[in-house]
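fold the following and give me the result.
(one chain, ligands or ions: 1)
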Amino acid sequence: MIYFAPLQGYTEAFYRRAHHTVIGGVDEYVTPFIRLEKNELRLKDLRELKNTVRNPPNTVPQVLVKSPDELETLLVPIEKKGYTKVDLNFGCPFPKVTQHGYGAGILPFPNAVKSVLSALSNYPQIKFSVKMRIGLNSADELPPLIPLLNDAPLRHITVHPRLGKQQYSGDLDMETFRFFVQNSVHPVIYNGDIQTAEDAAPYHDVMIGRGLLANPLLGLEIKEGTIDTASRLTLLMAFHKALVVELQDIEQPLPKLKTVWDYFLPNAEPHLRKKLLKSRTMDDYLAIVPSVIESSITI
Ligand SMILES: Cc1cc2nc3c(=O)[nH]c(=O)nc-3n(C[C@H](O)[C@H](O)[C@H](O)COP(=O)(O)O)c2cc1C
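Numbering: from 1, shown residues only. Okay, the predicted model is just below:
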């Protein structure tokens, strides 16, 4: 199975829909985390959730909670929108999040982890999963969590084998990853730095973030093998067109589209890419997109 990792600011609803409709090759899309603000779901998050019709059918909302009460509050609107699967974020490394005990900030506190996990059995209608790091400051935080995770009703656990304090770079701790796989009763999904089909080959189940943003065809390539140049070009053009269509009703689509290029097609011709990012109008932008996409393929 291939999971599209949640990336706040990138894999938003418009992006997931365009990807699912035009390209696919991904079994599930996990949404960027949804959280409470002043005890309520943020309007922005609610809009993003839309409903199961507007989102790809294989969308799994992710929540950032540190208590059963917060979980309960978030599950109400999520269920109302028709979702039946929910992912718990125990991995976000941002200090603003972790210092309040959220994301990877919950990992040093087995009691907090236990209280959230113990609440899951109150919602037998929902299938839960966890996405986590191997610790916040040390991999020593992991062993006490394993029995708690093993006791919880989970579909699977996605592990990004870095510490929270490493953020998104630095060595991957594969030894600890293997230790976790050996000791978990739940299926474990590998996540971290997968850029190519070869990188994914050792794993049965993978979650991919930046690698899919850079090459949205990666899921297809992993599942079906190499894609010829002509088909790559057609698919990437159609994908970009779908992004534009998805954004047609928003006031400022151009900044949103430019953000896609933070990760998209990193090997495109640098001066064309620069020109694209400098474009001031949608017309200028759209005029240059085909040459940038083409340059990423022929280079
Ligand atoms: C900009 C950015 C935003 C992210 N937002 C989330 C998020 O909302 N929830 C989450 O669980 N992980 C989030 N992540 C982590 C990714 O899902 C993923 O675990 C990480 O990027 C490692 O996988 P990759 O190397 O395949 O990208 C984010 C990562 C980045 C770079």
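
do you know the pLDDT at the residue in the chain positioned nearest to the ligand?
Per CB to the nearest ligand atom, the residue of the chain with the smallest distance to the ligand is residue 209, at 2.8 Å. C-beta: built from backbone N, CA, C; applies to glycine. Predicted confidence (pLDDT) for residue 209: 98.

swap in residue 54?
Residue 54 is given a pLDDT of 69.

what's the span of stretch 180-193, first residue to last?
18 Å (CA to CA, to the nearest Å).

same question for stretch 245-258.
Using CA to CA, the two ends of stretch 245-258 sit 15 Å apart.

which residues belonging to it are considered buried?
Residues 246, 247, 253, 254, 256, 257 are the ones in stretch 245-258 that count as buried (16 or more other CB atoms under 10 Å).

quick one: contacts for the residue of the chain closest to the ligand?
4, 5, 6, 7, 11, 191 (CB atoms under 8 Å, 6 or more residues apart in numbering).

output the residues you listed in JSON lines; the columns should cover secondary structure and distance to the ligand.
Shown next, in JSON lines, are the contacts of residue 209 (DSSP: H, G, I helix; E, B strand; the rest coil; distance: CB to the nearest ligand atom, whole Å):
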{"residue": "4", "secondary structure": "strand", "distance to the ligand": "9"}
{"residue": "5", "secondary structure": "coil", "distance to the ligand": "3"}
{"residue": "6", "secondary structure": "coil", "distance to the ligand": "4"}
{"residue": "7", "secondary structure": "coil", "distance to the ligand": "4"}
{"residue": "11", "secondary structure": "coil", "distance to the ligand": "8"}
{"residue": "191", "secondary structure": "strand", "distance to the ligand": "5"}
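
which of those are buried?
Here, 16+ other CB under 10 Å leaves 4, 5, 6, 7, 11, 191 buried among the contacts of residue 209.

for the most centrally placed residue in the chain, what are its contacts?
Central residue of the chain (CA atoms, centre = their mean): residue 6, 1.5 Å from the mean position. Residue 6 makes contact with 30, 31, 32, 33, 62, 87, 89, 131, 209 under the criterion CB under 8 Å, 6+ apart.

mark which of the residues you listed are part of strands, please.
30, 31, 32, 33, 62, 87, 89, 131 (DSSP state E).

and the first one, how many neighbours?
It stands for residue 30. 26 (other CB atoms under 10 Å).

surely it is in contact with residue 60?
Yes. Between residue 30 and residue 60 a contact is recorded at 4.9 Å, counting by CB atoms under 8 Å.

find residues that contact each of those two.
residue 87.

pull out the buried residues from stretch 171-191.
Buried, per 16+ other CB under 10 Å, within stretch 171-191: 172, 173, 176, 177, 179, 180, 184, 188, 189, 190, 191.

for it, what is the average pLDDT?
98.

name the residues that touch it?
1, 3, 5, 131, 134, 139, 142, 146, 149-150, 154-163, 192-193, 203, 205-209.

which among the contacts of residue 209 gets closest to residue 98?
Residue 98 lies nearest to residue 6 out of the contacts of residue 209, by CB to CB, at 16.6 Å.

possible to save the contacts of residue 209 as CSV with distance to residue 293?
Output for the contacts of residue 209, formatted as CSV (distance: CB to CB, whole Å):
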residue, distance to residue 293
4, 20
5, 23
6, 25
7, 21
11, 20
191, 27
